[in-house]
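In: Quick check, what structure comes out for this input:
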Amino acid sequence: MTQAISKQLNYTFANASLLTQALTHRSYGAQNNERLEFLGDGALNFMIAHQLYLRFPKIAEGDLSRLRAQLVKEATLSEIAFSLNLGDALKMGEGELKSAGWRRPSILADALEAMIGAVYLDGGYAAAEAVVLTLFGHKLETIDPKAIDKDPKSRLQELLQSKKNPIPEYTVTHTSGEAHAQHFVVECAIAKHNIRTVGEGASRRIAEQQAAQLALQEFEKTPIGKSKK
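Out: The predicted structure follows:
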């Protein structure tokens, strides 16, 4: 299975144990992919930022950041991981296997980043960049700067600021679940308009975005929100 993945990456590991580690979830044992995921996350963000900087010389920093976020978000990473059949190669503990963890987007995304980290350690920067271009080349070629989707938190903040309103406050009101499968509940409050919404998700960011989306809908129902933007 690892040989098939190496072929898709167009990269052969000198130290095959690094690829094995990149595909080992924390539930399987102490020698897992968490540190490699940390390294790969940083490398991927920089390499994508570099590619966007080169490809779009006239785009402002804020839009470049949104383009990068669109390319390195969990949904994109898990989609690429799924296309590589990474889930079939993952080593996981019994609990994760029973809960179909190999299909969970967060686990797939982490494994992809860990794999990039493994290539970086094994072959250096140039090798890792070549793999990133193999994985993200089509998306880099087809991404449209004019169709950048701002996330709900950004849209809500910009809308409030355009009306000279204070920015919203986000508060984690509850967390539950194991460390590798936590569930967050976050409240978004716009005190001036007595708006309070609650979002939930597998990460604080997801919960905040959901709460922001609901708050955005509520704010746009208010008289000031309905006025010309």
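In: ok, now which ones touch I107?
Out: I107 is in contact with 25, 87, 90, 92, 96, 101, counting by Cβ atoms under 8 Å, 6 or more residues apart in numbering. Any C-beta I mention is one placed from the backbone N, CA and C, and that applies to glycine too.
In: Chain neighbours aside, what residue packs nearest to the first one?
Out: The shortest distance from H25 to any residue that is not its chain neighbour, by Cβ to Cβ, 6 or more residues apart in numbering, is 4.5 Å, and that residue is M92.
In: ok, now the fifth one?
Out: The spatially closest residue to E96, leaving aside those adjacent along the chain, is S27, at 4.5 Å (Cβ to Cβ, 6+ apart).
In: Surely the one you found and G95 touch.
Out: Yes. Under the criterion of Cβ atoms under 8 Å, S27 makes contact with G95 at 6.2 Å.
In: Looking at those two, which one has more neighbours?
Out: Taking other Cβ atoms under 10 Å, S27 and G95 do not tie; S27 has more neighbours (20 against 12).
In: The residue nearest to L84 when sequence neighbours are not counted: how many residues sit nearby?
Out: Excluding the flanking residues, the one nearest L84 by Cβ to Cβ, 6+ apart is Q8, at 5.4 Å. Q8 has 15 neighbours, counted by other Cβ under 10 Å.
In: What is the three-state secondary structure of Q8?
Out: Here Q8 is recorded as helix under DSSP: H, G, I helix; E, B strand; the rest coil.
In: quick revisit: starting from P105, give me the distance back to the residue nearest to H25.
Out: According to Cβ to Cβ, to the nearest Å, M92 and P105 sit 15 Å apart.
In: out of these two, which sits in the more crowded spot?
Out: Set M92 next to P105 and count neighbours by other Cβ under 10 Å: M92 wins out with 22 against 17.
In: Which parts of the protein are helices?
Out: Per DSSP state H, the chain carries helices over the ranges 2-9, 16-22, 34-55, 61-72, 74-83, 86-89, 94-98, 105-123, 125-142, 152-162, 204-219, 223-226.
In: among these, which is the most enclosed?
Out: Scoring these by mean neighbour count under mean count of other Cβ atoms under 10 Å gives helix 105-123 as the most buried, with a mean of 24.
In: State the mean pLDDT of it.
Out: For helix 105-123, mean pLDDT rounds to 95.
In: roughly how far out does that helix sit from the chain middle?
Out: Here helix 105-123 shows a centroid-to-chain-centroid distance of 13 Å under the convention Cα atoms, centre = their mean, to the nearest Å.
In: okay, it in CSV with CA atoms only?
Out: Listed in CSV are the C-alpha atoms of helix 105-123, where the atom choice follows Å, rounded to 0.1, in the frame of the first residue of the first chain:
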residue,chain,number,x,y,z
PRO,A,105,-11.7,14.3,7.3
SER,A,106,-9.6,15.7,10.2
ILE,A,107,-7.6,12.4,10.4
LEU,A,108,-7.1,12.2,6.6
ALA,A,109,-6.0,15.9,6.5
ASP,A,110,-3.5,15.3,9.3
ALA,A,111,-2.1,12.3,7.6
LEU,A,112,-1.5,14.2,4.4
GLU,A,113,0.3,16.9,6.2
ALA,A,114,2.4,14.3,8.1
MET,A,115,3.3,12.8,4.8
ILE,A,116,4.6,16.1,3.5
GLY,A,117,6.6,16.5,6.7
ALA,A,118,8.0,13.0,6.2
VAL,A,119,9.1,13.9,2.7
TYR,A,120,10.7,17.1,4.0
LEU,A,121,12.8,15.1,6.5
ASP,A,122,13.7,12.4,4.1
GLY,A,123,14.5,14.4,1.0
